[in-house]
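Trainee: sequence plus the predicted model coming up.
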Amino acid sequence: MNKEMQKLLKQINDKKNEIKSLVADGKLDKARAAKEELKGLQEKFDLLFDLDEEERDDIEDKIEGGSAKIIGGGKADKKNLVKSFVNIIKAGFLHREPDDDDVKVYKDALTSEVGLEDEKGIGVTIPEDIRTDIIALRRSDDNLEQYVNTEGVTTKSGTRNIEVDADSVPFDNVDEAADFPEMDEPKFRQIEYKIKKKGGILKITAELFEDTAANIMAYINKWIAKKTKATRNMMILKVLNKITEGKEVVISNIDSLKDVFNEMLDPAIAATSVVITNQSGFNYLDKLKDEDGKYILQKDPTQATKGKLLFGEYPIIRLTKRTLKSEAIYNPQFDTDETHLKIDGQVTDVDATQGAADVQSWRVNEKGCYVVTVSGQEHETSVKAKTTGFKHPVFCGDLHEAITLFDRNVLTIDLNDKGAGLWEKDMTGVKVRDRFDVVAVDEAAVIKGQITETVAG
């Protein structure tokens, strides 16, 4: 089966799953339309299959006739592929050319066009068979990539046209034998993506290369999986914060939560929504009880050992506070000692002869100290900011509708033992690059709630 047929087969399976989901959600019209699309995909696959079969028959005839011969033994199995790939990495570490047989096994395993102009000279591309292991290691409840729409792309940039309000603009009435009325031109919004390179360096010892190929690959795969998941989560959260900035809603009780799903989100979006929060936000929700004294978080019957649903309907994804941070609340008190500004009772070097009213704005720097603007001039102080509370984030909505992750589907490895501190410690740096972009598609598909917690004392 060639690459185009493999891609079609994946599209067919994805379309079948889409139809099943639409039927389950009661969206029968959309399911019928998707079924027609499925028929088109299947017909295209059948045509290509027939052509592929004719080509195979032609090759077999040539082999039997003696005008062609079999070279090599076909695609290597997973074990040999891992061994050859690790051997190529070792060769790079030892500054020697890799074995021709290893190179052949590696190249035979590549299923994407890695020789593109924009990909040259940046290291060894990880074959798809190995990349799928990394993707499998990324799978966990806190992997946000699984909740957004993911689209594989082969170019560094591109655009998509999204029709605005397509679901809510109906056809007009048409009388029998009458002309169809002209409809308003549909409004489209252009979504642009630009693939970005993200990367990091794993420092490994020379002793690791003395281990088996399987162990070396497992060690590298585990690290890549952790880093790519953390990076993609960070990019998705960055987009979520951007599209909800300035539109945050206060979550203070059960009714305010219901307002989000009943009023603020479109009913079609609410039906497929999830809740994303951190440990502190989850702890608040987990303690909420209704008027009958029952907790509003209920066990997810589809999860054997874990998982909870808000109102028994909306799955909750709990992230660590390191991944999804709460916003600190500060309440500085400004005063003067006649000549200098005082913050929370501590005297600063800031001249305040005109009085404390001259403080026009303030912020907290990376050191955790106050930076104030007085009479148009910014001053750094040594006064540590006191946290008086936190705002815990609670994202509610359908991430699949809100965000698309455009994936280049190319991971590459580069080796370097000349970096700072590497050569002296007999180590090498494995530089890994991932290529993707995360773009907002429907900003109304997500609402950001904030739970305010006051710090005692």
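Mentor: Alright, I've got the coordinates.

Trainee: from here on, contacts and neighbour counts on C-alpha atoms
Mentor: Will do.

Trainee: name the SS class of Asp141, please.
Mentor: coil (DSSP: H, G, I helix; E, B strand; the rest coil).

Trainee: might one say that it is in contact with Ile317?
Mentor: Yes. Shown here, Asp141 and Ile317 form a contact pair, counting by C-alpha atoms under 8 Å, at 6.6 Å.

Trainee: domain parsing for this structure?
Mentor: 1-69, 110-164+185-294+391-457, 332-385 (automatic domain parsing).

Trainee: out of those, nearest to Phe311?
Mentor: domain 110-164+185-294+391-457 (9.0 Å; C-alpha to C-alpha).

Trainee: just how off-centre is that closest one within its chain?
Mentor: Between the centre of domain 110-164+185-294+391-457 and the centre of its chain there are 2 Å (C-alpha atoms, centre = their mean, to the nearest Å).

Trainee: and for stretch 308-320?
Mentor: That offset, for stretch 308-320, works out to 19 Å (C-alpha atoms, centre = their mean).

Trainee: ok, stretch 313-321 next?
Mentor: Taking C-alpha atoms, centre = their mean, one finds the center of stretch 313-321 at 15 Å from the center of the full chain.

Trainee: give me the contacts around that stretch.
Mentor: By C-alpha atoms under 8 Å, 6 or more residues apart in numbering, the residues outside stretch 313-321 that reach it are 141-142, 272-280, 282, 300, 307-310.

Trainee: tell me which residues in the helix or strand harbouring Val103 are buried?
Mentor: For Val103, the host element (DSSP states H and E) is helix 100-109. For helix 100-109, the neighbour count (16 or more other C-alpha atoms under 10 Å) marks Asp102, Val103, Val105, Tyr106, Lys107, Ala109 as buried.

Trainee: same list (the domains of the chain) but as a markdown table, adding mean neighbour count and mean pLDDT.
Mentor: Output for those, formatted as a markdown table (neighbours: other C-alpha atoms under 10 Å; pLDDT from 0 to 100):
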| stretch | mean neighbour count | mean pLDDT |
| --- | --- | --- |
| domain 1-69 | 13 | 71 |
| domain 110-164+185-294+391-457 | 17 | 85 |
| domain 332-385 | 16 | 87 |
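
Trainee: for Ser84, find the nearest of these.
Mentor: domain 110-164+185-294+391-457 (8.5 Å).

Trainee: before we move on, the earlier item: quick one, which of the domains of the chain is nearest to Thr323?
Mentor: domain 110-164+185-294+391-457 (7.3 Å).

Trainee: ok, the nearest residue to Thr150 once chain neighbours are set aside - contacts?
Mentor: Take Thr150 and drop its neighbours on the chain: the residue closest to it by C-alpha to C-alpha, 6 or more residues apart in numbering is Leu405, 4.7 Å away. Taking C-alpha under 8 Å, 6+ apart, we find Leu405 in contact with Glu145, Val148, Asn149, Thr150, Glu151, Phe436, Asp437, Val438, Val439.

Trainee: let's see that with 7 Å instead.
Mentor: Going by C-alpha atoms under 7 Å, 6 or more residues apart in numbering, Leu405 touches Val148, Asn149, Thr150, Glu151, Phe436, Asp437, Val438, Val439.

Trainee: can you check Lys197 too?
Mentor: By C-alpha under 7 Å, 6+ apart, the contact list for Lys197 reads Arg433, Asp434, Arg435, Phe436.

Trainee: is it true that it lies in a helix?
Mentor: No. Remark: Lys197 does not belong to a helix; assigned using three-state DSSP, it is strand.

Trainee: separation between it and Val153?
Mentor: Distance from Lys197 to Val153, counting by C-alpha to C-alpha, to the nearest Å: 14 Å.

Trainee: for Lys44, same thing?
Mentor: From Lys44 to Val153 the distance is 21 Å (C-alpha to C-alpha).

Trainee: likewise Phe209?
Mentor: For Phe209, the distance to Val153 - C-alpha to C-alpha - is 34 Å.
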